[in-house]
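Trainee: what's the 3D shape of this:
(2 chains)
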Amino acid sequence: MPDSRSPLDSLPEPATPPAELASRVRAAVAQTPASLSSVRQRLALALVAVPAAILVGLLGSCLVFPGRPLLRVDLWAIPEVPFAERLLLLVLLAGMATGVALVPGPRGLGSKVTLLAITAVAVAPLYTLLTHAAPLGTAVGDAAARALHPLGLPCALVAFAVGVVLLGAFGVALRRAVPAAPVNRAAALGAAAGGWAGVALFLQCPAKDELHLLVGHSLPVAAFALLGAVALPRLLRP
Amino acid sequence: MDADQVMRRYAGGDDAAFDELYAALSPRLYSFCVRLAGRSGDAEDLFQDAFLKLHRSRATYVSGASALHWAFAIVRSTHLDRLRKRARRPEQLVASTDEVFEAILQHPGSPEAELNAETLARIVERELQRMSERNRSAYILLKIEGLTVVEAAAVLGTTGDAVKQRAFRAYEALRAALSQAGWKQVTGA
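Mentor: Okay, here's the model as predicted:
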């Protein structure tokens, strides 16, 4: 069977690094401290940070906005099954985004770049779909919602606080650990942080108004993917 | 010597494994640096920076992963950092790639064969430096370092299709340059 070869197939091999370079590298390495905390340990800490950030964010909002309850006022009146289903879906969404963004993968270079991109783009629309389509509510919740800011600015602040803490925790967990596709990875981390911020809002705010949900809840969730892509890559690169 | 095992020891804090790791990784990494950065001075700086980063982020190495591919990704990330810095603070680049050939050529054989190899290397190196960084790195990993499409895609942080397209573009550019210089494609049995 005929085969076709090009001169490119017989390129000469490059030389080995000069000995002087080896001693330079050795000296530089000897002077440079290196962290020995493994990614696995750091990832475990980041995962612990998720419930902690949600709790602290919700508690903090009660202090910053007097009269704001820790959890939604209609929590005990709302139908249990639909509420649990919705909460489970939101937790699954944020959890899957977190998994895709944090997992080192078999090659140690993270999830596939397409999966990271899909995660970064898909979390906010899915969150919006889950919370806007047939929003859950009760008479108690509707009454309380009337007193809320029409644009949901306090909610946006709560989401920002929770999301920033988690984005920081995820960033520290993967500090210097992402040599390939750091922007995609950072955007996916941002989307995951936004997803958890959205869970916090779902637990606290009974609003059903479209504008409130869009500006106060969905917009901050969407903004975190962008924030991650802008703020984190430097931290993530080796 | 298994580079992955040595890397696992080094990642676990065994400083004594550094020499073994250097011996296992440095030839391929240096070759990658020379082909990626072009000028030998740049290649040496890139190699040193990349090894330093590998050392600093050693605890992030995932046991079971290919240490060489992980190191390739660090070299490429370091190279991109250097390009970004250079773009912010542009410096006059020397167009000649002569220094590279002294570093590249280690081709024992007849004087005629050496001359041919040198000419070939000159053309290829010049063309590699002329093409985009994306096409160059895809070509080097796929065609020279022998990575699979999936491995190269993971190292470059892109999709397999993108890697194939970039490497193909680079290959076509190199073939055109060689054909222009009088090299013919060889057909054999």
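
Trainee: C-alpha from now on. contacts and neighbour counts both.
Mentor: OK.

Trainee: so who does the spatially closest residue to residue B:17 that is not a sequence neighbour touch?
Mentor: Nearest residue to residue B:17, sequence neighbours excluded (CA to CA, 6 or more residues apart in numbering or on different chains): residue B:10, at 5.5 Å. Taking CA atoms under 8 Å, 6 or more residues apart in numbering or on different chains, we find residue B:10 in contact with B:16, B:17, B:18, B:21, B:58.

Trainee: tell me the one of those residues nearest chain A?
Mentor: Closest to chain A out of these is residue B:58 (7.4 Å), distances taken as CA to the nearest CA.

Trainee: and the pLDDT at residue A:170?
Mentor: Residue A:170 is assigned 96 on the pLDDT scale.

Trainee: rewinding a little: which strand or helix spans the residue nearest to residue B:17?
Mentor: Here residue B:10, judged by DSSP states H and E, is contained in helix B:3-11.

Trainee: where exactly do the helices run in chain B?
Mentor: Taking DSSP state H, the helices of chain B run over residues B:3-11, B:18-37, B:40-56, B:67-88, B:98-104, B:111-130, B:133-139, B:149-156, B:160-180.

Trainee: quick check: which of these is buried the most?
Mentor: Sort those by mean neighbour count, taking mean count of other CA atoms under 10 Å in any protein chain shown, and helix B:149-156 sits at the top with a mean of 23.

Trainee: quick one, it and helix B:160-180 angle?
Mentor: Computed with axes from the mean of the first three to the mean of the last three CA atoms, to 10 degrees, the direction of helix B:149-156 lies at 100 degrees from that of helix B:160-180.

Trainee: helix B:149-156 near chain A at all?
Mentor: Yes: under the criterion of CA under 8 Å from any CA of the partner chain, chain A is reached by helix B:149-156 at B:154, B:155, B:156.

Trainee: ok, so of those, who is nearest residue A:206?
Mentor: When the residues of helix B:149-156 next to chain A are ranked by distance to residue A:206 (CA to CA), residue B:154 comes first, at 43.5 Å.

Trainee: who's in contact with the closest one?
Mentor: Contact partners of residue B:154, counting by CA under 8 Å, 6+ apart, are A:107, A:109, A:112, A:113, A:180.

Trainee: quick one: the second one and residue B:155 touch, right?
Mentor: Yes: the pair residue A:109 / residue B:155 is scored as a contact, 7.2 Å apart, by CA atoms under 8 Å.

Trainee: overlap in contacts of these two?
Mentor: In contact with both residue A:109 and residue B:155: A:180, B:70, using CA under 8 Å, 6+ apart.

Trainee: torsion angles phi and psi at residue A:54?
Mentor: phi -60, psi -50 (degrees, to the nearest 10).

Trainee: okay, it and chain B: tell me how far apart.
Mentor: Residue A:54 sits 27 Å away from chain B, going by CA to the nearest CA, to the nearest Å.

Trainee: for the residue lying closest to residue B:79 once chain neighbours are set aside, give me the pLDDT.
Mentor: Counting by CA to CA, 6+ apart, the nearest residue to residue B:79 once its immediate chain neighbours are dropped is residue B:46, at 6.5 Å. With respect to pLDDT, residue B:46 has a value of 94.

Trainee: and residue B:46, what is it in contact with?
Mentor: The neighbourhood of residue B:46, defined by CA under 8 Å, 6+ apart, consists of B:33, B:37, B:75, B:78, B:79.

Trainee: looking at residue A:227 now. What's its pLDDT?
Mentor: For residue A:227, the predicted pLDDT is 97.

Trainee: my bad, residue B:108
Mentor: Here the pLDDT value assigned to residue B:108 is 48.

Trainee: give me the buried positions along stretch A:54-74.
Mentor: Applying a neighbour-count criterion of 16 or more other CA atoms under 10 Å in any protein chain shown, one finds A:54, A:57, A:58, A:59, A:61, A:62, A:68, A:70, A:71, A:72, A:73, A:74 buried in stretch A:54-74.

Trainee: all good on my end, thank you.
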